[in-house]
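*Asks:* sequence and predicted structure, then a few things I'm wondering about:
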Amino acid sequence: MDKMILVVDDEPLDRGILKDMLDREYDVIEAGDGKEALGMLAQHKKSIVAVLLDLTMPQMDGFALLEAMREDEDYRSIPALVLTASSDEAAELKAFQCGAWDFITKPFHKDILDFRLKNAISRSNLSAFRQLTYIAEYDVLTDIYNKEKFFHQAKELLHANPDQKYCCISFDINRFQLINSFYGTKEGDRMLKHVARTLRQEMEKRHDGSTYGRIDADIFVFCIPFKEAEKVEEEIARVFPEARVARLDRDSVTSERAFRQIVEAFARGDDDILVGTQMITKGFDFGGVELVGVLNADNLLNNPDFRSAERAFQLLMQVAGRAGRRENPGTVVIQTAEPGHPVLQQVIAGDYEAMARQQLAERKAFFYPPYARLLNLLLRHRDPVTLRRAANALAAALRERFGRRVLGPTAPPVDRVRGEYLATLLLKVEAGASLARAREAVRGILDRVVKSPECKGVTILCDVDPQ
């Protein structure tokens, strides 16, 4: 065989595992550190098709080796794949900046190793122009737009259509790291590819200037024209051409006077159908309303907040109360893909006590209010690497004191505001414990952590019992 793989790791056991997995298809040669690896590259540069390297080594670590390969024209085109035992975003970003092509997570899985290795080697065989274009625009695993390309495409859409409203919808696979840990990275990668394939199929059906991509390990996003209430109004007008249709939302309500005019006209019976957002769910006493429809109630139920079920129940009960407020009975129709959802069944039955019992049981099991007090910490900084480093340092310091009561760090749904990147940490404190004492402990940890080099310039805001 004339295809060689150079494995660079100071752990003989890891080198042996990789050699056993690869030696049927490649000649595997080994090096214990970066300095020894450079010697082997010089000796076998025409035969080595890829380098697998660890980042932590006693002499000339992986970062230095990556930089040396990037600066040498003979080695620059050889794919360098980093071996890593855990997810460290700061280290991964630095490795990419030094010239890493991809990452392979320990423990090694042969199928994933083969896929990533062959993918990197095939990319290295592309022409220089095509290779640079591919890396700049596409996510290697899922073959859809990466973060940079997605943001570029979304920006182009906004500039080309200044009068059109758009919405960006984020699809975040909750606790994806747990999926990777429990089922293995092979299954995790398979899930990511499935999500990307499904997203591509759905988006390719659209012809309205939408775009989509993968912007983080487990986060997909798509940008589509926003026509929610307007589209519903147009469709109702088409189905009921004789009906008088009014709309109540932020676009139609430009002033308090406009708001009153729309509401009073509907109350007088000047309009037959009122289309709107959550603005019309409460506070109105319309006579003669016999039908209320709620579109896409699943958005309420699937909101990533522990209060989402309670709020969905409250909102649906309120909007249902708009119908049948006089002598004629009313009908409520709720659109959903999950008609058997417990909250919807509780709404149908009007069973507040069942909803309360279920939500209290879930909150007790997962340690949320009223069984705990919450303290939310928001970190802000213009440099994402500095922010992640600071968030990880703060999380580690808090866990030394509070243990598993600390969740995060995580990026909020809107993770960049006014040029600053955001990260959050959540601390749960037992309801019976002293919140003042917990705040003092947190304040002491913050005073210590903010003085460290990792947190220089990072703004940290505390919110007790966030709503």
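*Replies:* Alright, I've got the coordinates.
*Asks:* what residues are up against Ala337?
*Replies:* Asp298 (Cβ atoms under 8 Å, 6 or more residues apart in numbering). All C-beta spots, glycine's among them, are computed from the backbone N, C-alpha and C.
*Asks:* for Met203, see how far away it is.
*Replies:* Distance, Ala337 to Met203, by Cβ to Cβ, to the nearest Å: 19 Å.
*Asks:* now Lys35
*Replies:* Lys35 sits at a distance of 48 Å from Met203 (criterion: Cβ to Cβ).
*Asks:* show me the strands in the stretch 351-467 of the chain, by range?
*Replies:* Taking DSSP state E, counting those that start in this stretch as the test, the strands found in the stretch 351-467 of the chain are 372-381, 406-410, 416-417, 420-430, 459-464.
*Asks:* mean pLDDT lowest for which of those strands?
*Replies:* Note on those: lowest mean pLDDT is at strand 416-417, with a mean of 76.
*Asks:* by contact count, what packs against that strand?
*Replies:* Helices and strands in packing contact with strand 416-417 are not found; criterion 3 or more Cβ pairs under 8 Å, 6 or more residues apart in numbering; DSSP states H and E.
*Asks:* neighbouring contacts of that strand?
*Replies:* Under the contact criterion Cβ under 8 Å, 6+ apart, strand 416-417 has outside partners Arg380, Leu422.
*Asks:* the residue nearest to Asp102 when sequence neighbours are not counted: what secondary structure?
*Replies:* Nearest residue to Asp102, sequence neighbours excluded (Cβ to Cβ, 6 or more residues apart in numbering): Leu81, at 4.9 Å. Secondary structure, DSSP: H, G, I helix; E, B strand; the rest coil: Leu81 is strand.
*Asks:* Leu81 against Leu55, yeah?
*Replies:* No. Using Cβ atoms under 8 Å, Leu81 is not in contact with Leu55, being 11.5 Å away.
*Asks:* the more surrounded of these two?
*Replies:* More crowded of Leu81 and Leu55, by other Cβ atoms under 10 Å: Leu55, with 24 against 21.
*Asks:* what residues does the residue nearest to that one when sequence neighbours are not counted make contact with?
*Replies:* The shortest distance from Leu55 to any non-neighbouring residue, by Cβ to Cβ, 6+ apart, is to Gly62 (3.6 Å). Contacts for Gly62 (Cβ under 8 Å, 6+ apart) come out as Val8, Gly34, Leu53, Asp54, Leu55, Thr56, Val82, Ala95.
*Asks:* please report how far Gly62 lies from Gly34.
*Replies:* Noted for Gly62: a distance of 7 Å to Gly34, by Cβ to Cβ.
*Asks:* same check, this time on Arg373
*Replies:* For Arg373, the distance to Gly34 - Cβ to Cβ - is 50 Å.
*Asks:* so the two - more neighbours on which side?
*Replies:* Taking neighbours as other Cβ under 10 Å, Arg373 and Gly34 compare with Gly34 leading, 24 against 20.
*Asks:* ok, the more buried one touching Met57?
*Replies:* Yes. Gly34 lies in contact with Met57 (Cβ under 8 Å); the separation is 6.3 Å.
*Asks:* joint contacts of these two?
*Replies:* Contacts common to Gly34 and Met57, judged by Cβ under 8 Å, 6+ apart, are Val8.
*Asks:* output the strands of the stretch 351-467 of the chain in TSV, with distance to His44 appended to each entry.
*Replies:* Shown next, in TSV, are the strands of the stretch 351-467 of the chain (distance: least, Cβ to Cβ, whole Å):
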stretch	distance to His44
strand 372-381	44
strand 406-410	43
strand 416-417	45
strand 420-430	42
strand 459-464	51
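*Asks:* okay, Ser47: pLDDT?
*Replies:* pLDDT recorded at Ser47 is 86.
*Asks:* how many other residues sit next to it?
*Replies:* With other Cβ under 10 Å as criterion, Ser47 counts 15.
*Asks:* any idea how far Lys118 lies from Asp74?
*Replies:* 22 Å.
*Asks:* let me fix that, I meant to ask about His159.
*Replies:* Separation of His159 from Asp74 (Cβ to Cβ) stands at 42 Å.
*Asks:* give me the more crowded residue out of those two.
*Replies:* Counted by other Cβ under 10 Å, His159 and Asp74 do not tie: Asp74 has more neighbours, with 11 against 8.
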